[in-house]
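Engineer: here you go, sequence then predicted model.
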Amino acid sequence: MLRLRQASLSIALVLGLGLLIGGCASLSNTEKGAIIGAGAGAAGGAAVGKAAGGTAEGAILGAVIGGTAGAIIGQRMDKKAEELDDELENADVERVGEGIKVTFDSGILFDFDSAALRSEAQQNLLEFSESMQDFEDTNILIVGHTDARGSESYNQGLSERRAQSATDYLTQQGIAPRRITSVGKGESEPVATNETAEGRQQNRRVEIAIYANEEYRERVQNRVENNETGR
């Protein structure tokens with residue numbers, strides 16, 4: 001199921017914007033994204049990236065522009081997130097800020113201690129690449145993560161190799177290399193405890209951040225400033 005989750009921007013922003021959104025239950029996801037985006041824009045991209053919950057969220061929130069332009073981008077992202085949620089059976093799709101985060105359990109993509117994509121994983125990534133072909137105004141960040149079993153240095157290398165494998169496959173399917181960046185974070189960004197098998201499974205994952213590229217953000221902002229409504 002598609003989820004809307006706004007990563008933390010800063011303590012002040014979360015408190016202030018949380019009160020505002022909490023009092024406006026009728027707001028749509030896009031409108032909520034515009035409010036958060038406006039606050040993020042005021043905080044500055046660098047500050048947003050540091051305050052975000054992880055590398056994927058930081059990339060998305062670091063690219064927000066807020067206001068009307070942010071709402072326009074958010075509306076596009078709403079539609080694409082719904083499409084991805086319908087098309088990707090083995091992924092968790094979230095709307096974050098003015099972008100989208102797609103999370104795959106690494107067990108779906110890779111065998112244990114391997115960076116070679118499984119055949120089922122190739123089908124998942126093929127569906128993702130096909131959906132992204134008509135979404136060219138976006139950048140794609142692929143982030144590999146591991147649990148904390150094994151040495152920190154080994155986990156770092158494994159996460160990098162897995163992120164690169166996903167990147168290579170997507171470029172082979174026609175996604176322009178200039179759109180994709182890959183990074184490994186090893187065990188440094190857990191989303192659950194590493195003390196249980198269930199928690200470790202959640203931490204073994206590959207996240208894909210989708211956000212508007214700089215050219216598209218500038219184009220939308222210019223149109224808004226010129227009182228243009230088309231995009």
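Structural biologist: That came through fine.

Engineer: correct me, but Asn213 touches Phe135?
Structural biologist: No - applying CB atoms under 8 Å as the test, Asn213 and Phe135 come out as separate, 10.5 Å apart. C-betas here are computed from N, CA, C, even on glycine.

Engineer: which of the two has more residues huddled nearby?
Structural biologist: A count of neighbours by other CB atoms under 10 Å puts Phe135 above the other of Asn213 and Phe135, at 19 against 16.

Engineer: that one falls within a strand, correct?
Structural biologist: No - membership of Phe135 in a strand is not supported by DSSP: H, G, I helix; E, B strand; the rest coil, which gives coil.

Engineer: how many neighbours does the nearest residue to it once chain neighbours are set aside have?
Structural biologist: If the residues on either side of it in the chain are set aside, Phe135 comes closest to Lys80, at 5.9 Å by CB to CB, 6 or more residues apart in numbering. The tally of other residues near Lys80 (other CB under 10 Å) stands at 19.

Engineer: show me the contacts for Lys80.
Structural biologist: Applying CB atoms under 8 Å, 6 or more residues apart in numbering, we find Lys80 in contact with Ile100, Ser131, Phe135, Ile210.

Engineer: can you pull the contacts of Asn90?
Structural biologist: Asn90 neighbours (CB under 8 Å, 6+ apart): Phe104, Asp105, Ile108, Glu120, Asn124.

Engineer: can you tell me how far the fourth one sits from Gln156?
Structural biologist: If I follow you right, that is Glu120. Applying CB to CB, to the nearest Å, the value for Glu120 to Gln156 is 26 Å.

Engineer: and the two? Which one has more around it.
Structural biologist: Per other CB under 10 Å, whichever of Glu120 and Gln156 has more neighbours is Gln156, with 17 against 11.

Engineer: quick revisit: most surrounded residue in the contacts of Asn90?
Structural biologist: In terms of neighbours by other CB under 10 Å, these top out with Phe104 at 23 neighbours.

Engineer: which SS state does it fall under?
Structural biologist: With three-state DSSP as the criterion, Phe104 reads strand.

Engineer: now the strands for the chain?
Structural biologist: For the chain, the strands defined by DSSP state E occupy 3-4, 92-96, 99-105, 138-145, 180-184, 205-212.

Engineer: for Gly70, find the nearest of these.
Structural biologist: Gly70 lies closest to strand 205-212 among the strands of the chain, at 9.3 Å (CB to CB).

Engineer: who does the closest one pair with, and is each partner parallel or antiparallel?
Structural biologist: strand 99-105 (antiparallel), strand 138-145 (antiparallel) (DSSP bridges).
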